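# Provided below are the primary sequence and the corresponding predicted coordinates.
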Amino acid sequence: MNSGSEAVETAIKVMRKWGYMIKKVPKDKAEIIVCRNNFHGRTTTVISFSTDLQYRKDFDPLTPGFKVIDFGDAKQLEEAITENTVAFLVEPIQGEGGIIVPPDGYLSQVRKICTEHNVLMACDEIQTGLGRTGTLFAYEHDSDAKPDVLILGKALSGGFYPVSAVVASEEILGVFQPGDHGSTFGGNPLASAIASAALDVTIEEDLTKNSRELGAYLHTELRKISSRHIKEIRGRGLFVGIEIKESSGLARPFCEKLMTMGLLSKETHEQIIRLAPPLIITKEEVDIIIKTVRKLFEEAE
């Protein structure tokens, strides 16, 4: 496909069809479980299971067939599953939600529960995949957590060209027949060549290792910064969230100040400064990030 949203839509279609053809769920009863605070795109179907009012407001009527549970709570997932549940769609780390990292072992528990109940486990790794968190895929931080459906985008082209993908077994993707799904530019030769080259670079230049090692260094040094404005610093690899206390105002002014200091960041969910530097970053450049963020909070004090 071309975009992350399209890939999520594709995954929803294939998981529903798998539910009817393979699991034999009654017609029109297929249900997909998602997590509160999720972000999977902005198409009509995807916003239908968003819990962010801004994404949903004035776009109804919304698409049915989704159930929302808390992120990071495996027990809630097991309790929410019914005979009509076909899939659980989850981000290994909630990126847009504020770099929310689940408890250790969460995805392993999810994998076990989904297997026991014949439910597809789908990981949206559009933001976290291909080295961003220090492993090739973020689900690899937990053991035995391999999903049935993997959704990729963004880094799949190294940022050069629109391309996304849904990866699954033949048993799952094989439910699609000619004419069931398609896109004018989906899978076009240029996009495919760029994605192939980006994957080669990621692996041959061991960018995952760079993300893991420099990410650990970045986290360690950022956590040494003492400021009355910082509530928490969290994340994995080169995926960092700095949460600002509500008493200190919103994160956006901090991000705007960082921009004037030469460091681009993005605010998310009002209180979080999100840092996601390129995987080719050097230690010298990581030191610039640390120095700049430290200076930001020193001046804020």
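That came in fine, so what should we check first? Numbering: from 1, shown residues only.

# and L120, how far from G235?
Distance, L120 to G235, using CB to CB, to the nearest Å: 27 Å. In short, each C-beta sits where N, CA and C put it, glycine included.

# next one: G98
Distance of G98 to G235, given as CB to CB: 10 Å.

# shared neighbours, the two?
Listed as contacting both G98 and G235 by CB atoms under 8 Å, 6 or more residues apart in numbering are G241.

# which one of those two has more residues nearby?
Between G98 and G235, counting by other CB atoms under 10 Å, G235 is the more crowded of the two (25 against 22).

# find the nearest non-adjacent residue to the more buried one, please.
Distance criterion CB to CB, 6 or more residues apart in numbering; nearest residue to G235, sequence neighbours excluded, is I99 at 4.6 Å.

# quick one: contacts for that neighbour?
Counted by CB under 8 Å, 6+ apart, I99 has contacts I93, R234, G235, F239, V240, G241, T268, I272, R274.

# lowest-confidence one in those?
Taking the contacts of I99 together, the minimum pLDDT is found at T268 (94).

# now that residue: closest residue in space that isn't a chain neighbour?
Per CB to CB, 6+ apart, closest to T268 is R274, 5.1 Å.

# ok but the one you found is inside a strand, no?
Yes: with DSSP: H, G, I helix; E, B strand; the rest coil as the criterion, R274 is part of a strand.

# just the strands in the stretch 151-300 of the chain please.
Ranges of strands within the stretch 151-300 of the chain are 165-168, 230-236, 239-244, 266-268, 272-275, based on DSSP state E, counting those that start in this stretch.

# of all those, which lies closest to N37?
Ranking the strands of the stretch 151-300 of the chain by proximity to N37 (CB to CB) places strand 266-268 first, at 10.8 Å.

# can I see the domain layout of the chain?
Domain segmentation of the chain under automatic domain parsing yields 4-204, 207-300.

# read off the pLDDT value for the residue nearest to G235.
The score at I99 is 98. That number is its pLDDT.

# from Q177, how far out is it?
Distance, I99 to Q177, by CB to CB: 40 Å.

# swap in Q127?
Here the criterion is CB to CB. By it, Q127 lies 31 Å from Q177.

# any chance of the strands of the stretch 151-300 of the chain in JSON lines, with distance to N38 too?
Output for the strands of the stretch 151-300 of the chain, formatted as JSON lines (distance: least, CB to CB, whole Å):
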{"stretch": "strand 165-168", "distance to N38": "17"}
{"stretch": "strand 230-236", "distance to N38": "18"}
{"stretch": "strand 239-244", "distance to N38": "16"}
{"stretch": "strand 266-268", "distance to N38": "13"}
{"stretch": "strand 272-275", "distance to N38": "16"}
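
# V68 contacts T51, doesn't it?
Yes: with contact defined as CB atoms under 8 Å, V68 and T51 form a contacting pair (6.2 Å).

# what do the two both touch?
Here V68 and T51 share the contacting residues R36, scored by CB under 8 Å, 6+ apart.

# helices of the stretch 201-301 of the chain, start to end?
Ranges of helices in the stretch 201-301 of the chain, per DSSP state H, counting those that start in this stretch, are 207-222, 252-260, 283-300.

# related to what we said a few turns ago, could you pull up the residues touching the residue nearest to T268?
Counted by CB under 8 Å, 6+ apart, R274 has contacts G95, G98, I99, V240, G241, I242, S265, K266, E267, T268.

# returning to that earlier point: return the most buried member of the helices of the stretch 201-301 of the chain.
helix 207-222 (a mean of 19; mean count of other CB atoms under 10 Å).

# between that helix and strand 239-244, how many degrees?
Taking axes from the mean of the first three to the mean of the last three CA atoms, to 10 degrees, one finds helix 207-222 and strand 239-244 inclined to each other by 20 degrees.

# ok, residues contacting helix 207-222?
Around helix 207-222, the neighbours that count as contacts under CB under 8 Å, 6+ apart are 131-136, 201-202, 233, 235-240, 242, 275, 279-283, 286, 289-290, 293.

# same question for stretch 245-255.
Stretch 245-255 is contacted from outside by 228-231, 242, 244, 265-268, 270-273, 296, 300, using CB under 8 Å, 6+ apart.

# going through those, which ones are buried?
The neighbour count (16 or more other CB atoms under 10 Å) marks 229-231, 242, 244, 265, 267-268, 271-273, 296, 300 as buried among the contacts of stretch 245-255.

# so which two of the residues you listed are the farthest from each other?
T268 and A300, at 19.1 Å, using CB to CB across the buried ones among the contacts of stretch 245-255.
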